[in-house]
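# pasting the sequence and the predicted model now:
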Amino acid sequence: MAAADTPSAALRRRDLCSRGIRLARKMRSDVADLLDIYVEQQGLDASISVAAVEGVPVAAADRWDEQTGAQRLLDNLAAYRAFRALLAQMLEELREELGSADAALGQALAAVLLQVSAFAYHLEELLQLESRGPPAEEGSGLPAPPHLSLFEQKLRGLGVLRELAQWAVRSVRDLRQLAKHGSGSGPASGPAES
């Protein structure tokens with residue numbers, strides 16, 4: 001029997017999932033606050049529509065209810081690793097454009113970046129527990145973004161933050177399913193409410 005099937009591993013999984021759910025909820029709240037600050041400080045309209053941004057993982061999943069817990073964990077880990085690189089790029093661009101003129105936005109962005117990094121580590125812990133080990137990170141993150149105008153950078157940042165908020169919601173659902181069914185079990189019966 002695999003280590004992930006023992007009663008102590010099941011308790012550890014539930015504990016890690018509960019902590020992960022709390023982390024994801026906190027991150028979602030902080031991203032919502034950051035979105036408000038970002039829109040205001042960048043002079044954007046909150047209702048502006050942003051097209052899909054290259055390199056930004058999409059939280060919506062086809063056939064979510066057919067994914068195993070392990071697939072969900074791997075999808076989440078890949079997404080948060082991508083967000084870590086995207087947020088670091090945003091922070092660098094913000095510092096280049098504004099310097100220290102907008103400390104509140106920079107601090108809020110840095111705080112969310114730290115949460116994303118911690119959550120990615122948390123997901124790696126869960127994968128270790130499930131005897132799967134996290135996949136190695138590919139390269140140094142995302143390729144350098146194309147040269148964008150300042151306005152395009154602002155829209156790209158808005159798209160990144162909006163999708164990160166959606167991922168935080170999905171992560172809560174995924175971790176609830178994992179806590180109930182484990183990673184090796186078959187597909188879930190349907191999406192859990194968040």
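Received the coordinates, thanks. Numbers count the residues shown, from 1 in each chain.

# and the longest helix for the protein?
helix 7-42 (DSSP state H).

# the next helix or strand after it vs helix 7-42, what angle?
As assigned by DSSP states H and E, the chain's next helix or strand after helix 7-42 is helix 69-98. Orientation check (axes from the mean of the first three to the mean of the last three Cα atoms, to 10 degrees): helix 69-98 against helix 7-42 gives 30 degrees.

# packing partners for helix 69-98?
Helix 69-98 is packed against helix 103-129, helix 150-181, with contacts defined by 3 or more Cβ pairs under 8 Å, 6 or more residues apart in numbering; DSSP states H and E. C-beta here means a position set from N, CA and C on the backbone, and glycine is covered the same way.

# which of the residues in stretch 128-136 are buried?
L129, E130, P134 (16 or more other Cβ atoms under 10 Å).

# adding distance to L175 and pLDDT, write those out as JSON lines.
Shown next, in JSON lines, are the buried residues of stretch 128-136 (distance: Cβ to Cβ, whole Å; pLDDT from 0 to 100):
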{"residue": "L129", "distance to L175": "13", "pLDDT": "86"}
{"residue": "E130", "distance to L175": "13", "pLDDT": "79"}
{"residue": "P134", "distance to L175": "16", "pLDDT": "73"}
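
# where does this structure have low pLDDT?
The chain contains residues with pLDDT under 70 at 1-5, 98-101, 132, 138-146, 183-194.

# residue nearest the middle of it, spatially speaking?
Y80 (3.9 Å; Cα atoms, centre = their mean).

# next, give phi and psi for the residue lying closest to R170 once chain neighbours are set aside.
Residue nearest to R170 in three dimensions, not counting chain neighbours: A59, with 4.5 Å by Cβ to Cβ, 6 or more residues apart in numbering. Here is the backbone geometry of A59 (degrees, to the nearest 10): phi -70, psi -30.

# with Q67 instead?
Dihedral angles for Q67 - degrees, to the nearest 10 - are phi -80, psi 150.

# any idea how far H181 is from it?
11 Å (Cβ to Cβ, to the nearest Å).
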